[in-house]
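Asker: this is a predicted model, with the sequence first.
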Amino acid sequence: MTATTRRFAAHTNAANIDAQRKRELGHIHQGKAALAWSDDDYRFHLRNLTGKTSASELDAAGRAKVLAHMATLGYKPKVSTFKPFTQAKKIEWLWKEIGKHGGLRDASPAALLAFAGNTTGTGYSSLDFLPTLEASKVIEALKAMLDRAKRAQAKEGSAA
């Protein structure tokens, strides 16, 4: 019996590759600033490590080599702390914004759940349980409400 080995193919697309390239170039330029390299210092290191004089000319291996060298000199890339909204958090944020612009009679969480139930035709005990499609409907309805509340507030402000 022969043993078979499975090969796993990396499924990448052009957008992911481009995003990774931009992220790595950003880290290289942050490293240049963090290490207080002049342009001459920067080009010296690039040329010695990769033979290139510009980070834009580097391939993935070249970028990795430069970042590894910077790490040996003490540079650590800043990790992004950006965390995108969940749909439930976006719904809550939009509700609060509408309230700030005077577009709600009742800005309570219970009123928000009732609004979501009326919009979707279903009832949920928490916004976290809304399916994606229904949450999208609620978000679009809230965006329209926010636009109306902003226009009404602007109209009142110009009339005063």
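Answerer: It's in. Just so it is clear, the structure is predicted and the values come from calculations on it, not from any experiment. Numbering: from 1, shown residues only.
Asker: chain center to the longest helix along the chain: distance?
Answerer: Secondary structure of the chain per DSSP state H: the longest helix is helix 132-159. With CA atoms, centre = their mean, to the nearest Å as the basis, helix 132-159 stands 23 Å off its chain's centre.
Asker: then stretch 115-132?
Answerer: For stretch 115-132, the distance to the chain centre is 25 Å (CA atoms, centre = their mean).
Asker: over to stretch 149-160?
Answerer: 32 Å.
Asker: average pLDDT across it?
Answerer: Taken as a whole, stretch 149-160 carries a mean pLDDT of 83.
Asker: repeat for stretch 44-58
Answerer: 93.
Asker: re earlier: helices or strands next to the longest helix of the chain in the packing?
Answerer: On a contact count with 3 or more CB pairs under 8 Å, 6 or more residues apart in numbering; DSSP states H and E, helix 132-159 meets helix 87-100, helix 109-120. C-beta: built from backbone N, CA, C; applies to glycine.
Asker: what angle do that helix and helix 109-120 make?
Answerer: 110 degrees (axes from the mean of the first three to the mean of the last three CA atoms, to 10 degrees).
Asker: how about helix 132-159: buried residues?
Answerer: For helix 132-159, the neighbour count (16 or more other CB atoms under 10 Å) marks Glu134, Ala135, Lys137, Val138, Ile139, Ala141, Leu142, Met145, Leu146, Ala149, Lys150 as buried.
Asker: sorry, back to before: of all the helices and strands packed on helix 132-159, which one is nearest Leu73?
Answerer: Closest to Leu73 of those is helix 87-100 (CB to CB; 39.4 Å).
Asker: list the buried residues for the closest one?
Answerer: Buried, per 16+ other CB under 10 Å, within helix 87-100: Gln87, Ala88, Lys90, Ile91, Glu92, Leu94, Trp95, Glu97, Ile98, Gly99.
Asker: setting aside sequence neighbours, what's the nearest residue to the second one?
Answerer: Right, the one you point to is Ala88. Nearest residue to Ala88 in three dimensions, chain neighbours excluded: Leu127, at 3.8 Å (CB to CB, 6 or more residues apart in numbering).
Asker: count of residues packed around Leu130?
Answerer: By other CB atoms under 10 Å, the residues close to Leu130 number 23.
Asker: do the same with Pro131
Answerer: Residues near Pro131, counting by other CB under 10 Å: 12.
Asker: quick one: contacts for it?
Answerer: By CB atoms under 8 Å, 6 or more residues apart in numbering, no residues touch Pro131.
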